[in-house]
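> Fold the stuff below for me.
(2 chains)
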Amino acid sequence: MYDRLKGFRDFYPEEMAARREVIDTVETACRRYGFRETASPHLERAEMWTDKAGEGIVEELYAFGDRSDRHVTLTPELTPTAARMVAAKQQELSKPIKWFSTRPFWRYEQVQQGRFREFYQTNIDIFGSSDPRADAEVIALGAELLTDLGLDGDDFEFRVSHRDILGSVLRSFDVDIDVRDAIRAVDKSEKIDTAEYHDLLADAGLSYDQAAEFDDLITATTRDSLDDLAEFAGSDDAHAAVENLTAVLDAVDRFGASDHCELSLETARGFDYYTGVVFECFDSTGEVSRSVFGGGRYDDLIESFGGEPTPAVGFAPGYATLPLLLQRAGVYPDEAVATDYYVLQVGDTEREAAELTRELREREYVVETDVSGRSFGAQLGYADSINAETVVIVGEQDLADDQYTLRDMETGEQRTVSVDEFPPESGGPADDA
RNA sequence: UCCGAGCUGGGGUAGUGGCAUCCUAUCACCCUGUGGCGGUGAUGACACGGGUUCAAUUCCCGUGCUCGGACCCA
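Numbering: from 1, shown residues only, chains lettered A, B, ... in the order given. Below is the predicted model:
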């Protein structure tokens, strides 16, 4: 027996059935919004990451030399690949480019709850529009796919913020503030106590009085008082950022998703590359302690990977943390396989059973029949184990009367049907059992 | 990388310095006509390495893995 690699997981049919349903729900929502599916290599040139020196992600690459000594790596994220795809067909792609892609990614990092070394995400992005309505469409989709999964507004908080608002307010205190460090501090503020938070802000260049004032300001700001915050900051940047965020929130309203979104300037996202709107989904109860997923606008990133300057906004729900929220809320799908019919053979009825099985399968039902030569009782036990809704008993006694016996596995009730009348010509799996 | 807890058949467990228990699951048979809910049987475990000991699954050390947390989070 070989062990699995640490941080890598197997998914057995029952677990996979639930995952499949979640992924399908997410992807179906994407398709309704007109996002188109893409696929891309899971192995890329390692230089796509190592050329950008000083990035922490380089430490986490599954990188190696291939047989021709190319320096390659399993992909830790989609962005550089997406940037390449956009750059390669920059001219011919109609804008905006709206893509989604569900894929595994790999990072050699410490395994803990909701974090693995191989993990699956659906990346959802719009490239080529800097209009607030693009941000809003992405946010609306993010909120909608959560409700599609069975969550309601009480289950999650969709917190929306704006990097440039934080940055311009910080700079209004002192132009020499390390905005990047200060924003990281904001991102951590919820996990640490106030004193620590203010210490971090002080490290970034604020005085303790300024740190306290900044803390109060961004905590107290509501949608209606955003303009006051811009006045306080007093810069064109601040006014532009507030105007942008307001426009995004208004557009979110028009997309009908505002009930699930709230302004929360304390939300910042830990990543440096965000340039505008950022948002993050949290468990309302706090039981799932980490962010479920997040996203935002990253207008400079495509260019930094060698593409043309291309505005971009997107997010990536991951199937490590999302199930934690769904389970907490009690809406994670059943982990069970489903079967419409089991065709049970009794005596020498293999030919008739095979034909009936084929007819049912032609009607797109999920159908199994005996492939092990088992006894009646053993076949019924197996049918139970695969959650067969209906067992069709094809026995010599039944066939002698030109009929089958249908057993409803839920109720145990049985009835006979004429061989000529089953299966019916039309009707879905739910209608004719 | 660090901290904490843990590791006994596939899953869940009992237990012990000397015979490893039970439940469940799986498979077969009873059984060519009734599963989830009968009977019989079979398969199958002390994470790995080293140490102490006459003897280690048990005690000690190390490693691995699992779970939780810290750090990190292009």
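
> make it CA atoms for all contacts and neighbour counts henceforth
Noted.

> If you tally nearby residues, what's the number for the closest residue to RNA strand B within the stretch 201-350 of chain A?
Using C-alpha to the nearest atom of the strand, the single residue of the stretch 201-350 of chain A nearest to RNA strand B is residue A:271, 2.4 Å away. Neighbourhood size, residue A:271 [other C-alpha atoms under 10 Å]: 11.

> Enumerate every residue touching it.
By C-alpha atoms under 8 Å, 6 or more residues apart in numbering, the contact set of residue A:271 is residue A:184.

> what pLDDT does it get?
pLDDT, residue A:271: 73.

> repeat for residue A:215
Here, the pLDDT recorded for residue A:215 equals 86.

> Check the secondary structure at the residue of the stretch 201-350 of chain A closest to RNA strand B for me.
Recorded secondary structure, residue A:271: coil (DSSP: H, G, I helix; E, B strand; the rest coil).

> likewise the one 4 residues further on?
Classification of residue A:275 by three-state DSSP places it in coil.

> Relative to residue A:73, how far out is it?
Between residue A:275 and residue A:73 the distance is 28 Å, computed by C-alpha to C-alpha, to the nearest Å.

> Neighbours of residue A:138, how many?
Residues within reach of residue A:138, counting by other C-alpha under 10 Å, total 24.

> Residue A:403 now?
Applying other C-alpha under 10 Å, we find 21 residues neighbouring residue A:403.

> Surely it touches residue A:417?
Yes - if you go by C-alpha atoms under 8 Å, residue A:403 and residue A:417 touch, sitting 5.4 Å apart.

> can you map out the helices along the stretch 251-400 of chain A?
A:301-304, A:322-328, A:350-362, A:376-385, A:396-400 (DSSP state H, counting those that start in this stretch).

> Flag every residue of the stretch 51-200 of chain A that's near RNA strand B.
A:52, A:55-58, A:80, A:109-114 (C-alpha under 7 Å from any atom of the strand).

> which of the residues you listed count as buried?
For those, a neighbour count by 16 or more other C-alpha atoms under 10 Å gives the buried set as A:58, A:80, A:114.

> Looking at those, which one is closest to residue A:317?
Nearest to residue A:317, judged by C-alpha to C-alpha, of these is residue A:114 at 12.1 Å.

> For that closest one, give me its contacts.
A:320-321, A:324.

> Just give me the residue right at the centre of chain A.
For chain A, the residue nearest the mean C-alpha position is residue A:317 (2.5 Å; C-alpha atoms, centre = their mean).

> Please look at it and residue A:293 and confirm they touch.
Yes - assessed by C-alpha under 8 Å, residue A:317 is found in contact with residue A:293 at 5.3 Å.

> which residues do those two both contact?
With C-alpha under 8 Å, 6+ apart, residue A:317 and residue A:293 have no common neighbours.

> Can you give me the separation between residue A:193 and RNA strand B?
Taking C-alpha to the nearest atom of the strand, to the nearest Å as the measure, residue A:193 falls 11 Å from RNA strand B.

> go on, residue A:155?
Separation of residue A:155 from RNA strand B (C-alpha to the nearest atom of the strand): 19 Å.

> try residue A:124
Computed as C-alpha to the nearest atom of the strand, the residue A:124 to RNA strand B distance reads 16 Å.
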